[in-house]
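>>> Would you be able to build a 3D model of this:
(one chain, ligands or ions: 2)
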Amino acid sequence: MQDVVEKVYEQVVARNRGEAEFHQAVREVLESLDPVIAKHPHYADDALLERIVEPERQVIFRVPWVDDAGAVHVNRGFRVEFNSALGPYKGGLRFHPSVNVGIIKFLGFEQVFKNALTAQGIGGGKGGSDFDPHGRSDAEVMRFCQSFMTELSRHIGPSTDVPAGDIGVGGREIGYLFGQYKRLRNAYDAGVLTGKGLAWGGSLVRTEATGYGTVLFAQSMLATRGQTLEGKTVAVSGAGNVAIYAIEKAQKLGAKPITFSDSSGYVVDEAGVDLELLKQVKEVERGRVKDYVERRPGARLVTQGRVWDVPVDVALPCATQNELDGANAATLLKNGCAVVSEGANMPSTPEAVEAFQSAGILYAPGKASNAGGVATSALEMEQNAGRTRWDFATAEAKLDAIMTDIHDSCVAAAEEYGRPGDYVLGANAAGFTRVADVMIAHGIV
Ligand code: NDP
Ligand code: 2IT
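Ligands and ions are numbered 1, 2, ... in the order given. Predicted coordinates:
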């Protein structure tokens, strides 16, 4: 990295000790900025880089709640409002026992550039809690969400900060969070949260958007080489919202997804994933992947190694950060995988990214390829503000257009800065310059 950029990175490490995922996310963006700063040195003026790596505001709060047996639990809640140059802070809430401030900051930092790529006028933020919803009753989840929102409500609003879902936060949680917000504020501010139910301000296509967008991005990358997804085998990791709708879109486009996973292992279904059964198990029953295998002849559950050991043409990591390492990347490449489109945030380790890029395969970083979710959240905000509701085809056409635009912006930026086909450079350079130009216009704030 250039000296000026290296210095900023060292400061981030020194001032944010122990936050390994945040360091990793910052390093990946800063490394991409070398050619940008070389061409436009003014981006390093007025401590712009130092400002862009520092969240505008961070809130950490106690979340006490009572379980069904009457025992009191104390979790920790977070909201990191990272950058509001382009619009209200926007980004999901994650409920998972691994959540800590470094994870929320990495996610918030990624969100800033992702949201800029959508061109929807949204800033970046992220939040969540170390609460684990697995095995909790609906009543326990509701009480947790009500306690969490009691504090969060002081910090958010339709023009201020607009949370949504992420790992462990789906339609059920958004419902409980919205109910409590409405009660506290005595106002029906539908635009304060996205991912809402269709009967109370939600948008058609939001449920599908992240997974669909990830596959659309893969399709756009393949088109640059005159290819399509038709007939290709696909490995998907995860079995949540993003994974399920990535599988659905891949199937619609004629590809054959043969895997999915959760923290208990991965499933290989050589005949092609039975999507209706997977939805029944994960969305309706909130079950585990083994429940699928028990009802599906020919499918097998593997508890050793990772889903990336399965030979496929296309890999779609849709579970969590750093789930695909250098050794997994080497295995995928050895087996002929030629396309990786990230549905999750930062699922590939730096070694894996390096392996994909050196091999010259089509590799899309999550901040570009999974941006369809937040882009459709912005479409939900737009409908809420206009007190209107679009049909599925209208919302889907807008998502398709946004994903094509993000792809083309990445391609153009990679070319501009001398590395055609480098989607990491393209996404980071295009996202950064959009945010940085507006920060310059707003002065030193
Ligand atoms: P869900 O909670 O719906 O599903 C998450 C899935 O990933 C589950 O199958 C879960 O398994 C698995 N998983 C989570 N953590 C781990 C872990 N540490 N090890 C192994 N498996 C794990 O979340 P989403 O589908 O919404 O999110 C998946 C990814 O996509 C995340 O990286 C998220 O940040 C990203 N993303 C989500 C968007 C959205 O709109 N929802 C938008 C853009 C990105 P288990 O149940 O066993 O924990
Ligand atoms: O990582 C992400 O982009 C999300 N979890 C979706 C955020 C949003 O506000 O829809």
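
>>> interface residues of the stretch 151-300 of the chain facing ligand 2?
With Cβ under 6 Å from any ligand atom as the criterion, the stretch 151-300 of the chain meets ligand 2 at residues Ala164, Asp166, Thr194. Using the backbone N, CA and C atoms, a C-beta is placed for each residue, glycine as well.

>>> rerun that using 5 Å as the cut-off
Contact residues, the stretch 151-300 of the chain versus ligand 2 (Cβ under 5 Å from any ligand atom): Ala164, Asp166.

>>> Just give me the neighbour total for the residue of the stretch 201-350 of the chain found nearest ligand 1.
Closest residue of the stretch 201-350 of the chain to ligand 1, Cβ to the nearest ligand atom: Gly240 (1.8 Å). Here the number of neighbours of Gly240 (other Cβ atoms under 10 Å) works out to 23.

>>> mind listing what it touches?
By Cβ atoms under 8 Å, 6 or more residues apart in numbering, Gly240 lies in contact with Ile167, Gly170, Asp262, Lys282, Cys318, Ala319.

>>> From Gly123, how far off is it?
According to Cβ to Cβ, to the nearest Å, Gly240 stands 25 Å off from Gly123.

>>> for Ala47, same thing?
For Ala47 relative to Gly123 (Cβ to Cβ), the value is 19 Å.

>>> more neighbours, these two?
Neighbours per residue, other Cβ under 10 Å: of Ala47 and Gly123, the larger number sits with Gly123, 26 against 11.

>>> Make sure that one is actually in contact with Gly108.
No - taking contacts as Cβ atoms under 8 Å, Gly123 lies outside contact range of Gly108: 10.0 Å.

>>> confidence score at Val4?
The per-residue pLDDT reported for Val4 equals 89.

>>> what about Pro64, which helix or strand?
According to DSSP states H and E, Pro64 maps onto strand 57-66.

>>> so where's the stretch 201-350 of the chain shaky on pLDDT?
For the stretch 201-350 of the chain, applying pLDDT under 70 flags no range at all.

>>> Contact residues of it facing ligand 1?
Close to ligand 1, as judged by Cβ under 5 Å from any ligand atom, the stretch 201-350 of the chain has residues Thr210, Gly238, Ala239, Gly240, Asn241, Val242, Asp262, Ser263, Ala319, Thr320, Ala344, Asn345.

>>> Isn't the second one up against Cys318?
So that's Gly238. Yes - between Gly238 and Cys318 a contact is recorded at 4.0 Å, counting by Cβ under 8 Å.

>>> ok, back up a step: quickly list what's touching both of Gly123 and Gly108.
Contact criterion Cβ under 8 Å, 6+ apart; residues shared by Gly123 and Gly108: Glu81, Phe82.

>>> Which stretches in this structure count as strands?
57-66, 72-83, 89-95, 124-129, 161-164, 233-236, 256-257, 259-262, 265-268, 300-302, 314-316, 339-341, 362-364 (DSSP state E).

>>> Tabulate the ones you listed in TSV, adding columns for distance to Leu30 and mean neighbour count.
Formatted as TSV, the strands of the chain follow (distance: least, Cβ to Cβ, whole Å; neighbours: other Cβ atoms under 10 Å):
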stretch	distance to Leu30	mean neighbour count
strand 57-66	20	15
strand 72-83	15	20
strand 89-95	20	28
strand 124-129	16	30
strand 161-164	26	25
strand 233-236	30	26
strand 256-257	35	24
strand 259-262	31	25
strand 265-268	33	22
strand 300-302	37	15
strand 314-316	26	30
strand 339-341	22	28
strand 362-364	19	24
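
>>> Adding distance to Val374, write those strands out as a markdown table.
Below are these laid out as a markdown table (distance: least, Cβ to Cβ, whole Å):
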| stretch | distance to Val374 |
| --- | --- |
| strand 57-66 | 19 |
| strand 72-83 | 13 |
| strand 89-95 | 6 |
| strand 124-129 | 9 |
| strand 161-164 | 7 |
| strand 233-236 | 20 |
| strand 256-257 | 23 |
| strand 259-262 | 23 |
| strand 265-268 | 27 |
| strand 300-302 | 32 |
| strand 314-316 | 18 |
| strand 339-341 | 16 |
| strand 362-364 | 16 |
